[in-house]
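Novice: The sequence isn't on hand, but the structure is:
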């Protein structure tokens, strides 16, 4: 970036069974990106959805050259879809957020401004947004374990908004197939000397579709990836 101006943006949306959200998400992301720069792309990375999400992404990509559809043949518990989407991203700044678009547009703009003195910006919720006791406990235990195993003080590892300079992602050989990939990116960025800033916001609650992040298979894979990253070469 030069003088604080963002020259180009990639939006990356990893998704699994988000047919109810995908069109509105692309519309909002396209409108926001166009307010910031003329050079942008919207990447929908489908984790082998079974509800037609991938077909919908293909159809939108066929109509708009700025929309790209990435489809995985096998479900990877989120991490693979995120990695595939980030690998396609070609712009200067990469914005990754959940496919139900939980962050308000003004918050994304404010978070982008932190790139003036940072290489990675990660959001955290200012309020407890989840009403499920199970998910609240899982999140607290997971974040506690990650902080104490690795010593990196991120308030919310798997928050629904992260922004990277593309240089941060280049050359990363990410191994995780689960949501632990979020922390793996933080850890690898910190090792390389990149600066991480945190931005507090209030995420919008999901109104359509269902989150799948707390599926037993996803949770199990997340903890396996965490232990593998910590103890395996």
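Specialist: Yep, that arrived. These numbers were taken from a predicted model, which means no experiment stands behind them.
Novice: contacts, neighbours, all on C-alpha from now
Specialist: Noted.
Novice: Below-threshold pLDDT in the protein: ranges please.
Specialist: 1-4, 129-132, 206-215 (pLDDT under 70).
Novice: what about 80?
Specialist: Flagging of the chain using pLDDT under 80 yields the residue ranges 1-4, 128-136, 205-216, 233.
Novice: ok so residue 102 is a helix residue?
Specialist: No - using DSSP: H, G, I helix; E, B strand; the rest coil, the assignment for residue 102 is coil, not a helix.
Novice: Skip the chain neighbours and tell me the closest residue to it.
Specialist: Take residue 102 and drop its neighbours on the chain: the residue closest to it by C-alpha to C-alpha, 6 or more residues apart in numbering is residue 204, 4.8 Å away.
Novice: Tell me who's in contact with that neighbour.
Specialist: Counting by C-alpha atoms under 8 Å, 6 or more residues apart in numbering, residue 204 makes contact with 102-104.
Novice: where does it land in three-state SS?
Specialist: For residue 204, the assignment made with three-state DSSP gives coil.
Novice: rewinding a little: now render the contacts of residue 204 as a markdown table, adding distance to residue 43 and neighbour count.
Specialist: Formatted as a markdown table, the contacts of residue 204 follow (distance: C-alpha to C-alpha, whole Å; neighbours: other C-alpha atoms under 10 Å):
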| residue | distance to residue 43 | neighbour count |
| --- | --- | --- |
| 102 | 17 | 18 |
| 103 | 17 | 18 |
| 104 | 19 | 13 |
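Novice: Many thanks, we can stop here.
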